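>>> Mind looking at a prediction? Sequence and model below.
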Amino acid sequence: MHGREHRRVFRGAGPVPHRHPLRPLQPDGTPCSDGNACTVGDSCASGACTAGSALSCDDGDLCTDDFCDPNSGCVFGPVPCWSIAGTATVTGLGGIVVDPAPPRFATTLVLRPDGTYRLPSTGITDCGPEIPDEVGTYRRGRRRRLILTPSNLDQIDAAGTTCIGYPLTVRSYRTVVTPSRSGLRLHGTSTLAARLEILGQSIPFHAVAVFKGTRGP
């Protein structure tokens, strides 16, 4: 029929519409997926799927860079790292050895291709996990040497003050590492000059950590 919408009619069924009926709105809080693999706990709110909290991709491994891909989820990319071990010596005025001075330490050194690094505690103090990892940048020197410069000494100062119980100020800190020609081994030295304020007296001390390491897988 001209000028009228043509509909197919079935006996006892009435007209059949061309469109599917709208789905009823889900109650708020109903689990859903927003299509982003980097969110968890997505839920319905006012008829729309809202993103939940961010997915944590921290695998606890210093030798991986962890990030999230919205399509596939967590990605763990390997980064260059070395298992290092060595000794740390702390001396005060007159060359007196300060007690306690852990004789040996073992940790992981991460040297990223972008010129940044991460170095957990080398055992100069017995504060353990209270001292934050040393992070910063490195530059290339002569004879394959890498000069490490920390960027978070203020945080280390604050954590050391809390741990030791007296104000700690780091005056200078430097780490130099030398990789082997193959890049599978390295050796290095960290030197620290600092002072403690104890009962109104400034007590300087020095620390030296010497270590060797092997490249991780």
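Arrived safely.
>>> from here on, contacts and neighbour counts on C-alpha atoms
Fine.
>>> Please look at Lys212 and Ala85 and confirm they touch.
Yes: with contact defined as Cα atoms under 8 Å, Lys212 reaches Ala85; the gap is 5.7 Å.
>>> bridging residues for Glu197?
Per DSSP bridges, the residues bridged to Glu197 are Ser202.
>>> count of residues packed around it?
Neighbouring residues of Glu197 were enumerated by other Cα atoms under 10 Å; the total is 15.
>>> what's the distance between it and Thr169?
Here Glu197 is placed at a distance of 8 Å from Thr169 (Cα to Cα, to the nearest Å).
>>> shaky segments in this protein?
Low-confidence segments of the chain, defined by pLDDT under 70: 1-24, 93-103, 121-130.
>>> Spatially central residue in it, please.
When the chain is reduced to its mean C-alpha position, the nearest residue by Cα atoms, centre = their mean turns out to be Leu62, at 7.3 Å.
>>> which ones are touching the residue lying closest to Glu134 once chain neighbours are set aside?
The spatial neighbour of Glu134 that comes closest, neighbours along the chain excluded (Cα to Cα, 6 or more residues apart in numbering), is Leu119 at 5.0 Å. The contact partners of Leu119, taken as Cα atoms under 8 Å, 6 or more residues apart in numbering, are Thr107, Thr108, Leu109, Val110, Asp133, Glu134, Val135.
>>> One more: Cys49?
When the contact criterion is Cα under 8 Å, 6+ apart, the partners of Cys49 are Cys32, Ser33, Asp34, Asp42, Ser43.
>>> same thing with Arg140?
Shown in contact with Arg140 (Cα under 8 Å, 6+ apart): Leu146, Ile147.
>>> 6 Å instead?
Leu146 (Cα atoms under 6 Å, 6 or more residues apart in numbering).
>>> beta partners for it?
Where Arg140 sits in a bridge, its partners, by DSSP bridges, are Leu146.
>>> Same check on His206?
Assessed by DSSP bridges, His206 has beta-bridge partners Thr91, Ala193.
>>> Tell me, how many residues neighbour it?
His206 has 22 neighbours, counted by other Cα under 10 Å.
>>> where along the protein do the helices fall?
The residue ranges that make up the helices of the chain, judged by DSSP state H, are 153-164.
>>> domain ranges for it?
24-78, 81-215 (automatic domain parsing).
>>> Need the winner for burial among the ones you listed.
Among the domains of the chain, domain 81-215 has the highest mean neighbour count (mean count of other Cα atoms under 10 Å), at a mean of 17.
>>> Next, the contact list for Asp133, please.
Residues in contact with Asp133, defined by Cα under 6 Å, 6+ apart, are Leu119, Pro120.
>>> nope, Cys38 is what I was after
Residues near Cys38 by Cα under 6 Å, 6+ apart: Ala54, Leu55, Cys68, Pro70, Gly73.
>>> My read is that the first one contacts Asn36, right?
So that's Ala54. No: using Cα atoms under 6 Å as the test, Ala54 is too far from Asn36 to be in contact (9.9 Å).
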